[in-house]
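# Prediction below, plus the sequence it came from.
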Protein chains: 2
Amino acid sequence: MTPHALVLAGGRGTRFWPLSRRARPKQVLAVGGGESLLARTLARVSGLAEGAVVVTGPDMEAAVRAESGGARVIVEPSGRNTLPAIAWGALVAAEHGADTVIVLPSDHHVSRPEALREALAEAISLAQSGTLVTLGVKPTRAETGFGWIEADGNRVARFVEKPPQAVADSLYLGGRHLWNAGMFVFRVDAFRAALSRHAPATAAALDRIAGGEPVATCWSSMDATSIDYAVMEKHDDVRVVPLDCGWSDVGSWTALDELVVAGPGGALVCAERVAIEASGNLVHAEGKLVALVGVHDLVVVDTPDALLVMRRDEAQRAREVLADLDARGLSRYT
Amino acid sequence: MTPHALVLAGGRGTRFWPLSRRARPKQVLAVGGGESLLARTLARVSGLAEGAVVVTGPDMEAAVRAESGGARVIVEPSGRNTLPAIAWGALVAAEHGADTVIVLPSDHHVSRPEALREALAEAISLAQSGTLVTLGVKPTRAETGFGWIEADGNRVARFVEKPPQAVADSLYLGGRHLWNAGMFVFRVDAFRAALSRHAPATAAALDRIAGGEPVATCWSSMDATSIDYAVMEKHDDVRVVPLDCGWSDVGSWTALDELVVAGPGGALVCAERVAIEASGNLVHAEGKLVALVGVHDLVVVDTPDALLVMRRDEAQRAREVLADLDARGLSRYT
């Protein structure tokens, strides 16, 4: 078998503004310091995958190429959710020798990469029978922001869409559910067969691309939907491999806690720090001295041209800042 | 008469850290944006004064020279409070043609310079009789951090040292007291005569300097004390000119309110701003976009190598940050 990584790097990640920008999305950033999330994603599967395809969008192509090392970068004409990106990416991987693909988001964090590699190896092995395999993250809280997977042995009994809090509570306490983290492993032929059954328009468009037609002219015929909704939730033979690898979707600045070891004052990415009666803060000010006095539960993000200071429990409102800037003709900051 | 300005620019101004540093004290900074406090001080008296002497210390000499325009800059061997600086500065001014000096701190703000110039003109005229003249700022609050002046007509009845709150309250309500803002006008001969009476050691050292002895060898014989304590409070003929010119001593970041017109989110020095449910903040992030979400009454100071975030009512504690940095061998930031 010849598995290739298929890394999805088309997301914008506005919630990491002002570090993230239109041309410099979350996946190319060193959120938490060090290498970019994308570079770390590729490094985690090197050795396991014999090749890698990175799918991205036109706005961010340059930044994504710079973080993709030796991987093949393909640029989708427009963002149409995960199904077209994975379908085209799997085709490109197969054209370059892959029989199996490992689909990975490019913007997540894993604190124990070895555990991820072991789970992926198991998933690759399982996928050889022709089943579609998903990885299910062992939950650590009753999260309403993720889809959940009900496992019955290694079979997926049911996908649960983002649940309300009461449901999330019972899923978490029940112990039979895992988080859907958007990581999948399957043989390319098995996936294309499933695509033909569940998403025939996308399958037909993919056949035309395989036959030599330009992606640009086929793209709009593909279903602008997620692989979960279009295929995984409908397919009758989906397996799940549980995963306990210190995973974080790095969904907003509040995830800095999961990426950075907290010290005095909170979780800080900085050169030096002084904290006087300060706690629970999340600060990204790479290379700077950060001094915090009497402040708690703030998010502070410092970049060369912008500075964001917000209450931690208001972190979702960073989007309003972007909307305001765009409305005022200040898109150079977004 | 030939008045010269005598500008005291030896203070360190640690309370403006991290914008202020050992080699870049408050007076050379554009606190509130625009020109430095020192450059604005000199500009305010141009025309009124026919020359200017700036007294500073060795650490900050380069930065002070850069902000002093055509003024003569003299460097005291070490900081010994205001008396030696004023004594030597007055001598140097006299050697270059001054008969009268206008003593001015270099790090204060004046929002109505014309009112200051009128008061100084009156003080210069009054000083020609040989009296020592002080300017008394009309108080706008019961401030305990300043000395006060009890006026009896244009005579100073009494200097009041920094009073406790109850006393400050009654001084403010009584309406007969003014703030001592460290601005003085006197004839050089009258000042030297007063010095001989009230601070003979300093007067003798000054005579030796006048006779050609190097400042360095005379400096330690001068009284390391303030002109207020050594001369003004003891002299029997001191006059006061009231001053109402939108004065601020710019004593800490909380004074940014007095220097910058407040807008959404607070008083901000920045290129652009977005404020969502934010108020009462003081931000210095020159040239940057500043976005504030859900934060109130913070002081935020952004510089190329350091970022300070503190509660506004903790602003006095910035000193503790400096002490901590020095103790940890991080003096490159102080």
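It's in. From a predicted model like this one, the values you see are computed outputs, not experimental measurements.

# okay, CA-based contacts and neighbour counts for the rest of this
Noted.

# Stretch A:185-205: end-to-end distance?
The first and last residues of stretch A:185-205 sit 22 Å apart, counting by C-alpha to C-alpha, to the nearest Å.

# List the buried residues of it.
A:185-188, A:190-192, A:194-196, A:198-200, A:202-205 (16 or more other C-alpha atoms under 10 Å in any protein chain shown).

# Give me the residues contacting the helix or strand hosting residue A:119.
Using DSSP states H and E, residue A:119 maps to helix A:113-127. Applying C-alpha atoms under 8 Å, 6 or more residues apart in numbering or on different chains, the external contacts of helix A:113-127 come out as A:3, A:44-45, A:48, A:100, A:102, A:110, A:133-135, A:185-187, A:240-245.

# Next SSE downstream of that helix?
strand A:132-137.

# after that next one comes which helix or strand?
Per DSSP H and E, strand A:132-137 leads on to strand A:148-152 as the next helix or strand towards the C-terminus.

# Just checking: what are the partner strands of that next one?
Here strand A:148-152 has these sheet partners by DSSP bridges: strand A:155-160 (antiparallel), strand A:177-187 (antiparallel).

# Pick the most deeply packed of those.
Comparing these on average neighbours per residue, with mean count of other C-alpha atoms under 10 Å in any protein chain shown, the densest one is strand A:177-187 at a mean of 25.

# Now do that strand: everything it contacts.
With C-alpha under 8 Å, 6+ apart as the criterion, strand A:177-187 contacts A:99-105, A:120, A:123-124, A:127-128, A:130-139, A:146-151, A:171, A:242, A:249.

# Could you do stretch A:164-174 as well?
A:139-144, A:177.

# of those, buried ones?
A:139, A:142-144, A:177.

# about what we covered before: now tabulate the strands paired with strand A:148-152 in a markdown table and tack on mean pLDDT.
Below are the strands paired with strand A:148-152 laid out as a markdown table (pLDDT from 0 to 100):
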| stretch | mean pLDDT |
| --- | --- |
| strand A:155-160 | 96 |
| strand A:177-187 | 97 |
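
# and the residue nearest to residue A:21 when sequence neighbours are not counted, how far is that from residue A:22?
Leaving aside its sequence neighbours, residue A:21 sits nearest to residue A:334 (C-alpha to C-alpha, 6 or more residues apart in numbering or on different chains; 5.3 Å). The gap separating residue A:334 from residue A:22 is 6 Å, by C-alpha to C-alpha.

# Correct me if wrong: residue A:310 contacts residue A:299.
Yes. Assessed by C-alpha atoms under 8 Å, residue A:310 is found in contact with residue A:299 at 5.2 Å.

# Flag the shaky bits of chain A, pLDDT-wise.
Counting by pLDDT under 70, not a single residue of chain A qualifies.

# about what we covered before: now do the contacts for the residue nearest to residue A:21.
Neighbours of residue A:334 in contact, by C-alpha under 8 Å, 6+ apart: A:17-18, A:21-22, A:322, A:325-326.

# which of these count as buried?
By 16+ other C-alpha under 10 Å, those give A:17-18, A:21-22, A:322, A:325 as buried.

# Find the nearest non-adjacent residue to the residue nearest to the spatial centre of chain A, please.
For chain A, the residue nearest the mean C-alpha position is residue A:105 (3.2 Å; C-alpha atoms, centre = their mean). Spatial nearest neighbour of residue A:105, excluding adjacent residues (C-alpha to C-alpha, 6+ apart): residue A:8 at 5.0 Å.

# Quick check: that neighbour vs chain B, distance?
Separation of residue A:8 from chain B (C-alpha to the nearest C-alpha, to the nearest Å) stands at 30 Å.

# what are the bridge partners for that residue, then?
With DSSP bridges as the rule, residue A:8 is bridged to residue A:55, residue A:105.

# Spit out the contact partners of residue A:91.
A:188, A:206, A:210.

# if I pick the nearest residue to residue A:231 once chain neighbours are set aside, what's in contact with it?
Counting by C-alpha to C-alpha, 6+ apart, residue A:231 lies nearest to residue A:198, which is 5.9 Å off, once chain neighbours are set aside. For residue A:198, the contact set (C-alpha under 8 Å, 6+ apart) comprises A:230-231, A:234-235.

# likewise residue A:22?
Applying C-alpha under 8 Å, 6+ apart, we find residue A:22 in contact with A:12, A:59-60, A:334.

# circling back to that earlier point, if we take the contacts of residue A:91, which one ends up nearest to chain B?
residue A:206 (44.2 Å; C-alpha to the nearest C-alpha).

# how near is the residue nearest to residue A:231 to chain B?
44 Å.

# Same check on residue A:195?
Counting by C-alpha to the nearest C-alpha - residue A:195 and chain B are separated by 44 Å.

# so that residue sits right up against residue A:203, yeah?
Yes. At 5.5 Å, residue A:195 and residue A:203 qualify as touching, with contact defined as C-alpha under 8 Å.

# Sort out for me which of the contacts of residue A:91 are in helices.
A:188, A:206, A:210 (DSSP state H).

# Quick one: end-to-end length of stretch A:42-61, please.
16 Å.

# Pull the distance from that stretch to the chain's centre.
12 Å (C-alpha atoms, centre = their mean, to the nearest Å).

# and what of stretch A:128-141?
15 Å.

# Stretch A:284-300 too?
27 Å.

# What residues of it count as buried?
By neighbour count with 16+ other C-alpha under 10 Å, stretch A:284-300 contains the buried residues A:284-286, A:288-300.

# biggest separation within these, which pair?
A:286 and A:294 (21.4 Å; C-alpha to C-alpha).

# before we move on, back to that, need the max-distance pair from the buried ones among the contacts of stretch A:164-174.
A:144 and A:177 (13.0 Å).

# what about residue A:134, neighbour count?
A total of 29 residues lie near residue A:134 under the criterion other C-alpha atoms under 10 Å in any protein chain shown.

# Is the nearest residue to it once chain neighbours are set aside bridged to anything, and to what?
Of all residues not flanking residue A:134 in the chain, residue A:184 sits nearest, at 4.4 Å (C-alpha to C-alpha, 6+ apart). Using DSSP bridges, the bridge partners assigned to residue A:184 are residue A:103, residue A:134.

# which bits of chain A sit near chain B?
Within chain A, the positions near chain B by C-alpha under 8 Å from any C-alpha of the partner chain are A:274, A:276, A:285, A:287-295, A:304-311, A:314, A:317-318, A:321, A:324-325, A:333.

# and if we set it to 7 Å?
Residues of chain A lying near chain B by C-alpha under 7 Å from any C-alpha of the partner chain: A:274, A:288-295, A:305-311, A:314, A:321.

# Restricted to helices, list the residues you listed.
In helices, defined here by DSSP H, the members of the residues of chain A next to chain B are residue A:321.

# Please identify which of the contacts of residue A:334 is nearest to chain B.
Chain B lies nearest to residue A:325 out of those, by C-alpha to the nearest C-alpha, at 7.6 Å.

# Run through who's touching the helix or strand where the closest one lies.
Using DSSP H and E, residue A:325 sits within helix A:318-327. Helix A:318-327 is touched from outside by A:14-15, A:331, A:334, B:274, with contacts defined as C-alpha atoms under 7 Å, 6 or more residues apart in numbering or on different chains.
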